[in-house]
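In: Predicted structure and sequence below. I'll ask about it afterward.
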Amino acid sequence: MKETLRRLFEYRNLNREEAKRVLVEISSGKHNPSQVAAFMTVYCMRSITAEELGGFRDAMLELCVPADLSEYGGIDIVGTGGDGKNTFNISTLTSFVVAGAGYPVTKHGNYGVSSVSGSSNVLEKLGYAFSNDLDRLKRDLDRAGICFLHAPLFHPSMKNVGPIRKELGIKTFFNMLGPLANPSRPRHQFLGVLNLELARLYAYINQQHDINYAIIHALDGYDEISLTGPFKIYSTSGEAIYQPADLGLSLVPAEAIYGGDSPDEAARIFRNILYGEGTREQEEVVIANAAMAIRLLEGNKSVADCVEAATESLRSGKAREVLKKLVS
């Protein structure tokens with residue numbers, strides 16, 4: 001690791017195989033916490049390359065507990081986190097709305113590291129019990145149309161990294177890596193990223209693996225469609241910039257999508273939105289993300305039709321029923 005760190009401090013890059021090897025060594029506990037923290041910090045100070053990110057992804061998927069759910073043709077809906085905006089759990093709510101609209105969702109998630117509440121925090125608060133049992137995940141999909149893959153159960157090799165990430169309390173390359181390391185290897189991915197540079201990296205990597213993808217970045221810095229301004233999408237079919245009005249929705253002030261100060265408050269906001277007790281702004285942000293995820297799956301549908309499908313799922317109570325079935 002000393003030689004690797006020396007190279008990185010000299011602004012030299014790792015190739016894909018080297019990046020994979022280092023992450024495998026970190027997962028085995030070969031390097032001490034100070035070295036691991038230094039390694040992670042490098043990528044807070046300079047950009048990660050496609051080769052490095054691809055190598056880290058290879059290591060994560062090689063070491064994970066596999067979950068073959070390919071028969072469902074599911075979609076993962078997830079953001080990188082690390083945008084510093086502390087919004088409510090938009091991607092997780094979006095997952096329930098998409099499932100309520102009839103599309104299988106195989107969501108990968110974790111506890112919050114650089115945010116108050118990650119997807120695992122809020123689902124745990126709402127009574128969901130995590131599992132890496134494949135039969136259980138399939139039952140969840142059959143009954144509720146969604147399953148949740150809690151990252152620590154599927155990436156036990158990363159147990160040496162978790163405490164260091166938590167102590168650092170800032171975004172690291174693991175924020176970038178998580179959305180690429182879903183152990184079910186979904187065919188469809190709707191990914192939110194915190195900057196356009198990372199969006200281009202994700203697009204490059206997904207193209208290499210024949211994944212049907214849409215990568216979202218709000219141009220004012222959110223890793224999701226925030227409706228606080230325009231957003232850009234990189235997808236299998238090309239690139240586009242949208243305004244909220246293009247979805248028939250209104251601009252939203254930043255304070256309207258605040259996520260609260262604790263996991264308990266985040267769970268309350270989450271439940272309120274699913275139960276029709278959220279604000280119009282909160283609902284429309286979820287609808288916007290769900291609509292564009294549905295459009296990824298239904299390329300022939302218009303944006304307006306996808307917005308209608310997402311709206312119906314949320315406001316009819318179908319998304320709420322997905323949650324009830326999942327935690328029952």
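Out: That came through fine.
In: from here on, contacts and neighbour counts on C-alpha atoms
Out: Fine.
In: Give me the domain ranges for this structure.
Out: 2-63, 70-327 (automatic domain parsing).
In: Next, format these as JSON lines and append mean pLDDT.
Out: Output for those, formatted as JSON lines (pLDDT from 0 to 100):
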{"stretch": "domain 2-63", "mean pLDDT": "92"}
{"stretch": "domain 70-327", "mean pLDDT": "93"}
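In: so what's residue 297 up against?
Out: Contacts for residue 297 (CA atoms under 8 Å, 6 or more residues apart in numbering) come out as residue 188.
In: what residues are up against residue 78?
Out: With contact taken as CA under 8 Å, 6+ apart, residue 78 is in contact with 91-92, 107-109, 179, 190-192.
In: Check the domains of the chain for me and report the most buried one.
Out: domain 70-327 (a mean of 20; mean count of other CA atoms under 10 Å).
In: Which stretches in the stretch 1-150 of the chain count as helices?
Out: Here the stretch 1-150 of the chain has its helices, by DSSP state H, counting those that start in this stretch, at 2-9, 16-27, 33-45, 50-63, 90-100, 119-125, 134-144.
In: Any chance of these in CSV with distance to residue 292 as columns?
Out: Shown next, in CSV, are these (distance: least, CA to CA, whole Å):
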stretch, distance to residue 292
helix 2-9, 38
helix 16-27, 32
helix 33-45, 30
helix 50-63, 25
helix 90-100, 10
helix 119-125, 20
helix 134-144, 21
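In: So for residue 165, which of those sits nearest?
Out: Judged by CA to CA, the one of the helices of the stretch 1-150 of the chain that comes nearest to residue 165 is helix 33-45, at 8.0 Å.
In: Now do that closest one: everything it contacts.
Out: 1-2, 5, 8-9, 26, 161, 164-165, 168, 171-173.
In: Out of the helices of the stretch 1-150 of the chain, which is closest to residue 248?
Out: From these, taking CA to CA, the stretch that ends up closest is helix 90-100, at 17.8 Å.
In: Now do the closest one: which elements does it pack against?
Out: strand 75-79, strand 105-109, strand 146-150, helix 280-297, helix 303-315, helix 318-327 (3 or more CA pairs under 8 Å, 6 or more residues apart in numbering; DSSP states H and E).
In: Now do that helix against strand 146-150: the angle between them, please.
Out: 150 degrees (axes from the mean of the first three to the mean of the last three CA atoms, to 10 degrees).
In: Using PDB, list the CA coordinates for helix 90-100.
Out: This file holds the C-alpha atoms of helix 90-100, laid out as PDB (Å, rounded to 0.1, in the frame of the first residue of the first chain):
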ATOM      1  CA  ILE A  90     -36.200  10.700  -2.900                       C
ATOM      2  CA  SER A  91     -34.700   7.700  -4.600                       C
ATOM      3  CA  THR A  92     -36.200   5.300  -2.100                       C
ATOM      4  CA  LEU A  93     -39.700   6.800  -2.400                       C
ATOM      5  CA  THR A  94     -39.300   6.700  -6.200                       C
ATOM      6  CA  SER A  95     -38.600   3.000  -6.000                       C
ATOM      7  CA  PHE A  96     -41.900   2.400  -4.300                       C
ATOM      8  CA  VAL A  97     -43.800   4.500  -6.800                       C
ATOM      9  CA  VAL A  98     -42.200   2.700  -9.700                       C
ATOM     10  CA  ALA A  99     -43.000  -0.700  -8.100                       C
ATOM     11  CA  GLY A 100     -46.600   0.600  -7.500                       C
END
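In: Could you verify my assumption that residue 16 touches residue 59?
Out: No - using CA atoms under 8 Å, residue 16 is not in contact with residue 59; the gap is 9.9 Å.
In: Could you check how far the residue nearest to residue 126 when sequence neighbours are not counted is from residue 260?
Out: Excluding the flanking residues, the one nearest residue 126 by CA to CA, 6 or more residues apart in numbering is residue 267, at 6.7 Å. As judged by CA to CA, to the nearest Å, residue 267 and residue 260 stand 9 Å apart.
In: what about the residue nearest to residue 249 when sequence neighbours are not counted, distance to residue 228?
Out: Closest residue in space to residue 249, ignoring its immediate chain neighbours: residue 284 at 7.0 Å, by CA to CA, 6+ apart. Residue 284 is 11 Å from residue 228, where distance means CA to CA.
In: follow-up on the earlier one: which pair in the contacts of helix 33-45 has the greatest spatial separation?
Out: Counting by CA to CA, the most remote pair of those is 2 and 171, 23.0 Å apart.
In: related to what we said a few turns ago, could I get the contacts of residue 78 in CSV, plus columns for distance to residue 147?
Out: As requested, these are arranged in CSV below (distance: CA to CA, whole Å):
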residue, distance to residue 147
91, 14
92, 11
107, 6
108, 9
109, 11
179, 15
190, 16
191, 17
192, 19
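In: Next up, the contacts around the nearest residue to residue 304 once chain neighbours are set aside.
Out: Sequence neighbours aside, residue 247 is the residue nearest to residue 304 in space, at 6.5 Å (criterion: CA to CA, 6+ apart). For residue 247, the contacting residues are 288, 303-304, 307, by CA under 8 Å, 6+ apart.
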